[in-house]
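Participant: Quick one: sequence and predicted model below, then my questions.
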Amino acid sequence: MLVDIKPIARSTGESLPVELSGTPDSIALAFPGFRFSEPVTFTGKVANTGDGLLVLSGTVAASYESDCGRCLRPVHGALSVPVVETYRSRYHADVGRREEKEEDDGTGYRFDGWSIDVSEALRDDLLLALPARVLCREDCRGLCTVCFADRNERDCGHDERDDSEKSPFGRLRELL
């Protein structure tokens, strides 16, 4: 997802409105346990703050599907994530020629030329916003550890402690 920065490249303080939409594949959006199929959208702006610095700000949105961490039912979710990312020019002008900047503090993203690729920043912000654990509902009872029946649908009659001798973690229950 490229943004043409020519209109603001030489105008410190200027900004450019940005609206982008692309497939999850276009920004390499993938994470184990999550499936993305809907388009990823970004609405915001790019501002030239001077000295080869650009600031991308706005909101990125995406939908995902995952499996409940307790009962394995499919769960649909949506993300709307605020984005504020800095882009630094890879080069600076010195007596009419381009020289690569040697200092790199490791913050922000790099660009050269007349466009910035926002794909990596949008992907990073979305991946950091994914939930650590997905549940179909807060009171999900999960699967039976003995017969693997969905306890949300029916009570199979097994007690969770029935299998404690077979489980490698059964001894922990006794200690706690």
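Facilitator: Looks like it came in fine. This is a predicted model, so every value here is computed, not measured.

Participant: The nearest residue to residue 40 once chain neighbours are set aside: what's it in contact with?
Facilitator: Spatial nearest neighbour of residue 40, excluding adjacent residues (C-beta to C-beta, 6 or more residues apart in numbering): residue 62 at 4.6 Å. C-beta: built from backbone N, CA, C; applies to glycine. Residue 62 makes contact with 24, 29, 36, 38, 40, 41, 78, 79, 126 under the criterion C-beta atoms under 8 Å, 6 or more residues apart in numbering.

Participant: can you check residue 84 too?
Facilitator: Taking C-beta under 8 Å, 6+ apart, we find residue 84 in contact with 55, 56, 57.

Participant: The last one contacts residue 44, correct?
Facilitator: Pointing back at residue 57 there. Yes. In this structure, residue 57 is within contact of residue 44 by C-beta atoms under 8 Å, at 5.2 Å.

Participant: These two - which one has more neighbours?
Facilitator: Neighbour tally, residue 57 and residue 44, criterion other C-beta atoms under 10 Å: the higher count belongs to residue 44, 22 against 15.
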